[in-house]
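>>> sequence unknown, structure follows:
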């Protein structure tokens, strides 16, 4: 691998650990825990891993540990810092006993099931310290859900003498990690399972998990380019930039980027849903900001849009549901209609409310909603270019307002979508330290015989030395939710809370940002400069943790 | 303006100057110069500014200078470092005489014509040191070409007592700066005009101008996100990423980014033209690399595409020319044809060669070529999403090859277009120093009574102290070219040279990069770290200047 100058310089960075982990460590156990809801059902489903105590690691007497082998899996979408979780885990188990071995399963959970693995030696680990990406062993989206997968996995774990498996993933992967922990515990297989909270989306967090790793770096990378675009916008003064941001359902990324860059508009899906806003409400809101700025002579601006927006608009959800049902039942008739007549055909068949919304959509989007369906026949909402949909509808509304004299100005739009640009960025100091600490903590949970725990590092707005490392029983974060028609025990997904400090901070100033040009230009992540530049956690974390 | 932590820290950076400029400076004049071609015609067009000598600034005796006022204009697209040109110019004239004043014309050359200006005081300048963007006075695309504009400009220059005007722009703006210099000299108006070489596109360079400012920072910003995408690509191992890069005609940006990130494929427009490649040739080349990688089990990759590609494909150029002519002559008939029949109509009317190419285009692109025309009726080539056009055509070809057994694998694509993300990034150390030196040099050219010169800073791969500062007569870079049907004196645009060192370095290794996964991850621009991370010029410059 040819390395860039930055990669070479950055390889030497020694991630910071909580002080309690730097020497010999003992586990301090707290009180037994409860799941956040549905206690009886969760307890019944996890008889061996329910109710376990919180763990905190503190300095203690050195102990000797027998040699052991550990396995690790990267699950789901990439997030900056995954390699540091693995190097923290590696250093942790080597400190316990230099004879310990670490195995990586290749290309995600599928590697466990298919017995595709490699030993991660010191030489390999050293190549990947403080780097972005999941390429050390690759990642994948196979879901570990079925007993036959658990059994196939156990075969290779037994063969390799693996005592514990660390699964690095998001809410679903950690839910599955807990199901696997429970299964192996029930079977007395002697294999522990530990989870690590990964996702740039920021939606895996709760009282014990302050943030998921990668959110910090990804948001800072997006904010860098958003800030650059804002500066361009404010220099050329002739475009509205519509910027869609990854993050699936939750709007944490859009909100954090807004707090960092102060755009003119940022839509928050959770608010759209709570206020029962229609697509037209959103378009009208944006158009009004455009018109007000135009009246002040400013024919430019920036708009941030969360990826999952469409599915949070209640009326769009109803439209999509009716479309799915209608097309499933009448697919053949629909396909026999001439392409140029399909739109009118659908409008004639939908309920009046949904027909009106469908008729208001730009042609391309309407076509996409009726044509591009997944193998189950469902509309593929994620393919909709929401940034273009909104700007086209805003343009149409402004043209009408111009006729009425309500808009005097120009409107020209540029479109962007950022996602892949940030998921594999080299981790910021925060993510480098946080991930390394999560991995190191996982090794301590293993050494202490724990299973069904998630590695937890808290107090993360303080300097790393003061961070609190420990373990949280995964069952503690669970409730029962309907998934694909069945009630399942799952980790609660954390959406943006409208009464939370980050959203309230945003809501308090957004009208000013809309009117004035209050852009902030964060610039690229710095690794070597002054601490106020290099070591700040996200604004979200700062607001949430502020006492 | 709310400032980010990085902006605050970066404001303190003192850009480096060539050693010769740090004390008192004298101008050393060389031999008279000639234009690069068409000497007789250029000489006739520029009787007052032709044949002037090269200037080099060296250390000398301190002199006193009478107070003077200077004007500055930012022209055309943004490029990182524009603010540093202005701060270098400001510091330069203040050093000559603290009573000197600097005026900025607002929103580009239009500000001169419309008498829209502001005084740039020390307080204002200090807010913008080492920042990206052109927002200090804004930029614009008004072309200074007509005598009435020159006269309107002179009115305000006279009113403000401005002795010299600095125009910061690309090849066209500098050509116009020279025409203006000649005009004011011929009229004996006593206003000097100095140009500064700006453009991220990198196409304003020659023997005396080693690089245009902004190219360094923009390419490094694009390479950061390309590297991040490559790392994602190599972690998920399931997508081909098609990445289009800004840069108008020339492929310098794509080539530089390729040298920095080592993608599997990078198309160079100048090579496509030289080899008379067709669109199908390009598609076949990409599809073959995809198929070869798939055969080795690698169903992923990255492709870089220069923005201007379409217009460099000789056959596409011919198609577009025929379409323009045909639609100009038959627009009414075309518009009366039913939308769903328009494609067939056009195919029936074009010459066989062009009809075949038009028929091979994906529907969306074909529609765009016939429908989206500019006010002159011309096809708007820049609106074509080349990255999607190529990936769709590659998908079609691979599907055919699959039937024939020539392709065994999967092909799924993601698309990106980077431009606005890098034009206003905070300047790298290189651009911060280079721009500051260009502006400072401009002040010395003014002090020495020069007009029709471009500020020149050479030896730029050496440490800044060893850079050579001076001035180049703009006429020296000119030749006669046909523009809008007329022969005009213009600065020669520098396209990628196929016998130049950067392209040859790329061509020597691209087959290896296609086959192997040789990605390099440059990471974000660093401002504070070790010099090998923070202070490297572009690979293009390093190859070009290597002895």
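Done, it's in. Note that the coordinates shown come from a computational prediction; the quantities given were computed from them, not determined experimentally.
>>> right, is stretch A:353-370 up against chain B?
No: using CB under 8 Å from any CB of the partner chain as the criterion, no contacts between stretch A:353-370 and chain B are found, and the smallest distance is 9.2 Å. Heads up, the C-betas are built off the backbone N, CA and C, glycines and all.
>>> any idea of the mean pLDDT in that stretch?
Throughout stretch A:353-370, pLDDT has a mean value of 88.
>>> gap between it and the chain center?
Centroid separation between stretch A:353-370 and its chain, computed with CA atoms, centre = their mean, to the nearest Å, is 29 Å.
>>> likewise for stretch A:263-278?
Centroid separation between stretch A:263-278 and its chain, computed with CA atoms, centre = their mean, is 19 Å.
>>> quote the end-to-end distance of it.
The distance separating the two terminal residues of stretch A:263-278, taken as CA to CA, to the nearest Å, comes to 22 Å.
>>> is that stretch in proximity to chain B?
No: with CB under 8 Å from any CB as the criterion, chain B is not reached by stretch A:263-278; the gap is at least 12.7 Å.
>>> do stretch A:523-543 as well
Yes: for stretch A:523-543 and chain B, the contact criterion (CB under 8 Å from any CB) is met by A:523-530, A:532-533, A:536.
>>> could you do stretch A:508-520 as well?
Yes: Stretch A:508-520 comes into contact with chain B (CB under 8 Å from any CB), by way of A:518, A:520.
>>> which parts of that stretch are buried?
A:510, A:513-514, A:517-520 (16 or more other CB atoms under 10 Å in any protein chain shown).
>>> going through the residues of stretch A:523-543 next to chain B, which ones are buried?
Among the residues of stretch A:523-543 next to chain B, those that count as buried by neighbour count (16+ other CB under 10 Å) are A:523-529, A:533, A:536.
>>> and of the residues you listed, the nearest to residue B:88?
Each of those was checked against residue B:88 using CB to CB; the closest is residue A:523, at 20.8 Å.
>>> first to last residue in stretch A:61-79, what's the distance?
Using CA to CA, the span of stretch A:61-79 from its first residue to its last is 35 Å.
>>> my guess is residue A:350 contacts residue A:322. True?
Yes: with the criterion set as CB atoms under 8 Å, residue A:350 and residue A:322 qualify as a contacting pair; they are 6.0 Å apart.
>>> interface residues of the stretch 301-450 of chain A facing chain B?
Checking the stretch 301-450 of chain A against chain B by CB under 8 Å from any CB, the hits are A:339-340, A:414, A:416, A:420-426.
>>> now, these that are in strands?
When strands are assigned by DSSP state E, the members of these inside them are A:414, A:416.
>>> in chain A, what helix or strand scores lowest on average pLDDT?
Sorting the helices and strands of chain A by mean pLDDT, DSSP states H and E puts helix A:363-371 at the bottom, at a mean of 82.
>>> next SSE downstream of that helix?
Scanning the chain past helix A:363-371 towards its C-terminal end, the next helix or strand to appear is helix A:386-403 (assignment: DSSP states H and E).
>>> and the angle for that next one with helix A:363-371?
Using axes from the mean of the first three to the mean of the last three CA atoms, to 10 degrees, the inter-axis angle of helix A:386-403 relative to helix A:363-371 is 130 degrees.
>>> of the residues of the stretch 301-450 of chain A next to chain B, buried ones?
Using 16+ other CB under 10 Å as the burial test, these include A:414, A:416, A:420-426 as buried.
>>> output the set of residues of the stretch 151-300 of chain A in proximity to chain B.
For the stretch 151-300 of chain A, the residues in contact with chain B under the definition CB under 8 Å from any CB are A:221, A:224-225, A:227-229, A:231-237, A:241, A:260, A:262.
>>> tell me the mean pLDDT for stretch A:29-40?
Mean pLDDT, computed over stretch A:29-40, is 96.
>>> ok so, going back, would CSV of the residues of the stretch 301-450 of chain A next to chain B with pLDDT and distance to residue B:62 be doable?
Putting those into CSV (pLDDT from 0 to 100; distance: CB to CB, whole Å) gives the following:
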residue, pLDDT, distance to residue B:62
A:339, 81, 79
A:340, 81, 79
A:414, 97, 50
A:416, 97, 51
A:420, 97, 56
A:421, 98, 51
A:422, 97, 52
A:423, 97, 57
A:424, 98, 55
A:425, 98, 50
A:426, 98, 49
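>>> can you redo the residues of the stretch 301-450 of chain A next to chain B as a markdown table with distance to residue A:543?
As requested, these are exported to a markdown table (distance: CB to CB, whole Å):
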| residue | distance to residue A:543 |
| --- | --- |
| A:339 | 50 |
| A:340 | 52 |
| A:414 | 30 |
| A:416 | 26 |
| A:420 | 28 |
| A:421 | 25 |
| A:422 | 21 |
| A:423 | 24 |
| A:424 | 27 |
| A:425 | 23 |
| A:426 | 26 |
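>>> pull the most distant pair out of the residues of the stretch 301-450 of chain A next to chain B.
The distance between the two most remote of those (CB to CB) is 50.2 Å, for A:340 and A:426.
>>> per-residue pLDDT of the residue positioned nearest the centre of chain A, please?
If you average the C-alpha coordinates of chain A and look for the closest C-alpha using CA atoms, centre = their mean, you land on residue A:201, 1.8 Å from that point. As summarised for this prediction, residue A:201 has a pLDDT of 95.
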